[in-house]
Every structure is written in C-alpha cells, then in structure tokens.
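K.L.:
can't give you the sequence, but here's the structure:
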C-alpha cells in the first residue's frame, strides 16, 4: 500500500483547485428529463429488473439501440436536452455516475439525422472525469465542454490530492467535440500562475522524489505546470521547464514515464495530431 505524508491543508487546497479550475455552467442548469422521454421518434427510458440496479435504454419502436449501464442507482442516470449550436434544434445528453470517489461521471451526447441517431460525443472515449462544465471561453457564442484529465492521477508517488489533474477543453465542431487546449492556452496558463511562481522561486529538485520527500509539494506544482504546457501545445517549453527544475539522477526515468503517459493518452494524441509543433518531434519519441 502506498504511503503519503502530506500536510492536510495543502492536500485540501490541491484537491479543490484540481477539479475547479474553470467556472462555468453545469448540466444542472438544464432541465432534467423524466424517466421516460420521447425524442425525435426515439424513446429513452430508465429501467430495472430488480429495482436496485438501474440503467437506461434508447429504443426506436421495439428495437434497443443503445444501453447506458454506467450508473447504479436510479438517480445516477440523468438526461437533458442541450442546444445544438448554429441550429434551432437540440441534442440528447445522458449523464451517468458510477459511484466512484473522484472520477466517475460519464457523458454521452446523441444527435440524429433524418433516419438514424449517432454518438456526437462520448466522454468515456477519453481519460477524463468529474462533472462537466460548459463555458464560452472564446466568446464565440458556443460554449466549450470542460472536464478533468485523469491521465496523471496518482502519477508516480503522488496522491490523488496533489496529482496534476488539469482541465481538458473540448471544442464544438460539426461532427463532434474535440480536445482543443492549445486554442485556449491563455486561459489555461492563467490558471497555473501560482504554481509557475512557486516553481520559478524554488531551487531545482536534486534528489529523486519519494512519497515522503520534502520536495513533494514542489514536484506537484512542477508537474502541474509541465502537464498543462504539454496539453496546451507548448511541447518545447514543457520539456525545458522539467529539465531545468528536476535535475535528480532519475530525471530521465521520470521524464520517460511522462512521455509514456502522453503516448497512451487519447486526449494528448488528439491534441498533438490536430496541433503539431512545427519544430518539435513527437514528445512520445523524445526518449530516444
């Protein structure tokens, strides 16, 4: 079992900021629908075979098209109509909560054409969690979809409370919602200003980080900044910052583990493919 020796005050502070980076509109601002609702010829309804485990099904006539089984209690599956940008229409959002401690909200947004329904967005396609926030970050009249990145949760010796859990900004496009942190880097970088100041005003970490290291708090701040920079498309800056402030003998091992996380993270890979750096090779290959 992992052991963590952290000040309670710092733990609480880090937990709060890690999941409340950006303020905006929550799904509770929409009208939650009843247990059974009709939508453009389809029916979404909650059902249970034993009145304990509840799930939802999307049906058309007598055919079951989709089953939503990530909830548990009847109250843990909810649905609402959300606006379809640029059109006088709505999409159907299904929210489910699995009952986990700090990860486990999932969202599916359904859209329909004249003869079919399709998944416009499914949060479980990405390593994100917590409830969603909707906020128009670029003031274009279309709110962005914001959830929290879980790729670096419990990274190395970090507890959940001090892990670099950063926002992922999904931007609306005609065929779905896609990670777009580089387009909102100014907003996101403002959120880590305090961590940046702490890092810049500190000496580099010279000793390999352990769960009880005196530098565990500084390491947490450093990782929060580095991870935010990577996902904001600032690949060179993220690498340089890590190399400058983590100079312990295991620095290459730790950096390679960061690269491995990025390589397997669907959010980062989507960002890197859509926002490549002109002068940087893929970070996943940088350990060679």
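P.N.:
Ah, there it is. Quick caveat, the model's predicted, so the values are computed rather than measured.

K.L.:
in this structure, which spans are helices?
P.N.:
8-19, 185-191, 193-200, 216-231, 235-245, 251-264, 266-274 (DSSP state H).

K.L.:
let me see the mean pLDDT of the third one.
P.N.:
Spelled out, it's helix 193-200. Mean pLDDT, helix 193-200: 97.

K.L.:
buried ones in that helix?
P.N.:
In terms of neighbour count (16 or more other Cβ atoms under 10 Å), helix 193-200 has its buried residues at 195-196, 198-199. (Glycine included, C-beta is placed from N, CA and C.)

K.L.:
from the contact counts, what lies against that helix?
P.N.:
If you count contacts as 3 or more Cβ pairs under 8 Å, 6 or more residues apart in numbering; DSSP states H and E, helix 193-200 packs onto helix 216-231.

K.L.:
gap between the helix it packs on and the chain center?
P.N.:
Offset of helix 216-231 from its chain centre (Cα atoms, centre = their mean, to the nearest Å): 16 Å.

K.L.:
same check on stretch 96-103?
P.N.:
14 Å.

K.L.:
start to end distance for it?
P.N.:
By Cα to Cα, to the nearest Å, the extent of stretch 96-103 from end to end equals 12 Å.

K.L.:
who's in contact with that stretch?
P.N.:
Under the criterion Cβ atoms under 8 Å, 6 or more residues apart in numbering, residues 19, 56, 68, 70-73, 76-78, 104-107, 129-130, 150, 153, 160 lie in contact with stretch 96-103.

K.L.:
quick one: which of the helices of the chain is nearest residue 120?
P.N.:
Set against residue 120 and scored by Cβ to Cβ, those come closest in helix 266-274, at 15.7 Å.

K.L.:
strands of the stretch 101-250 of the chain, start to end?
P.N.:
For the stretch 101-250 of the chain, strands defined by DSSP state E, counting those that start in this stretch occupy the ranges 105-112, 117-122, 128-135, 144-149, 167-173, 176-179.

K.L.:
could I get those strands as CSV with mean pLDDT and distance to residue 229?
P.N.:
Putting the strands of the stretch 101-250 of the chain into CSV (pLDDT from 0 to 100; distance: least, Cβ to Cβ, whole Å) gives the following:
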stretch, mean pLDDT, distance to residue 229
strand 105-112, 93, 26
strand 117-122, 94, 26
strand 128-135, 92, 19
strand 144-149, 96, 13
strand 167-173, 96, 13
strand 176-179, 96, 15
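
K.L.:
just to revisit the earlier point, most tightly surrounded among the helices of the chain?
P.N.:
helix 216-231 (a mean of 24; mean count of other Cβ atoms under 10 Å).

K.L.:
what angle sits between it and strand 167-173?
P.N.:
Angle, helix 216-231 to strand 167-173, by axes from the mean of the first three to the mean of the last three Cα atoms, to 10 degrees: 20 degrees.

K.L.:
what packs against helix 216-231?
P.N.:
Contacts defined by 3+ Cβ pairs under 8 Å, 6+ apart place helix 216-231 against helix 185-191, helix 193-200, helix 235-245, helix 251-264, helix 266-274.

K.L.:
centre of the chain to the longest one, how far?
P.N.:
For helix 251-264, the separation from the chain centroid amounts to 19 Å (computed by Cα atoms, centre = their mean).

K.L.:
and that helix, what does it pack onto?
P.N.:
Under the contact criterion of 3+ Cβ pairs under 8 Å, 6+ apart, helix 251-264 touches helix 216-231, helix 235-245, helix 266-274.

K.L.:
buried ones from the contacts of stretch 96-103, can you make that a PyMOL selection?
P.N.:
Buried residues within the contacts of stretch 96-103, by 16+ other Cβ under 10 Å, are selected in PyMOL with:
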select buried, resi 19+56+68+70+71+72+76+77+78+104+105+106+107+129+130+150+153+160
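
K.L.:
how about the helices and strands packed on helix 216-231 in a markdown table, adding distance to residue 46?
P.N.:
Listed next are the helices and strands packed on helix 216-231 as a markdown table, based on distance: least, Cβ to Cβ, whole Å:
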| stretch | distance to residue 46 |
| --- | --- |
| helix 185-191 | 37 |
| helix 193-200 | 42 |
| helix 235-245 | 44 |
| helix 251-264 | 34 |
| helix 266-274 | 29 |
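
K.L.:
between those, which one is nearest to residue 139?
P.N.:
So among these, helix 185-191 is nearest, using Cβ to Cβ, at 11.0 Å.
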